[in-house]
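Participant: pasting the structure only:
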């Protein structure tokens, strides 16, 4: 992926979570991955790219589960899927109770 595309996606996900540039900078600094606000602007403008550690932290911060798809390395036919914490709990509960999966599938018309 080129720097401009990566920058657009970083800006998209930051805005999706309503984070300011300063908030992102503060969060990076909190985990000993310092990045000044001007550095983050540079990433989002496509002039530079974050290193791997910072990119992985940003993905965690922005709740990006499928990094390759989010940054265009895999084709996706639709918008990125964002799963809430509650939805993650539902999936975990579903997987932990195979005895009710058939009934849930029928209720949701997934059979």
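Facilitator: Received the coordinates, thanks. Every value quoted in this text rests on a predicted model; they were computed, and no experiment measured them.
Participant: which parts of the worst-scoring helix or strand of the chain on mean pLDDT are buried?
Facilitator: Lowest on mean pLDDT, DSSP states H and E among the helices and strands of the chain sits helix 67-70, with a mean of 77. Neighbour-count burial for helix 67-70, with 16 or more other Cβ atoms under 10 Å as criterion, is recorded at residue 70. Using the backbone N, CA and C atoms, a C-beta is placed for each residue, glycine as well.
Participant: name the helices or strands packed onto the next helix or strand after it?
Facilitator: On the C-terminal side of helix 67-70, the nearest following helix or strand under DSSP states H and E is helix 85-96. The criterion is 3 or more Cβ pairs under 8 Å, 6 or more residues apart in numbering; DSSP states H and E, and the helices and strands that helix 85-96 contacts are helix 98-107.
Participant: so what touches the longest helix along the chain?
Facilitator: The residue-count maximum for a helix in the chain (DSSP state H) belongs to helix 3-16. Contact partners of helix 3-16, identified using Cβ atoms under 8 Å, 6 or more residues apart in numbering, comprise 21, 24, 43-50, 58, 62, 64, 70-72, 82.
Participant: just give me the neighbour total for residue 108.
Facilitator: The local packing of residue 108 (other Cβ atoms under 10 Å) involves 8 other residues.
Participant: and the residue nearest to the spatial centre of the chain, helix, strand or coil?
Facilitator: The residue lying closest to the centre of the chain (Cα atoms, centre = their mean) is residue 64, at 1.6 Å. With DSSP: H, G, I helix; E, B strand; the rest coil as the basis, residue 64 sits in coil.
Participant: please report the distance of it from residue 14.
Facilitator: The spacing between residue 64 and residue 14, counted by Cβ to Cβ, to the nearest Å, is 11 Å.
Participant: where does pLDDT dip in the chain?
Facilitator: Low-confidence segments of the chain, defined by pLDDT under 70, are located at 1, 74-81.
Participant: what sits against residue 82?
Facilitator: If you count contacts by Cβ under 8 Å, 6+ apart, residue 82 has them with 16, 63.
Participant: oops, could you answer that again for residue 43 instead?
Facilitator: Applying Cβ under 8 Å, 6+ apart, we find residue 43 in contact with 6, 7, 10, 49, 50.
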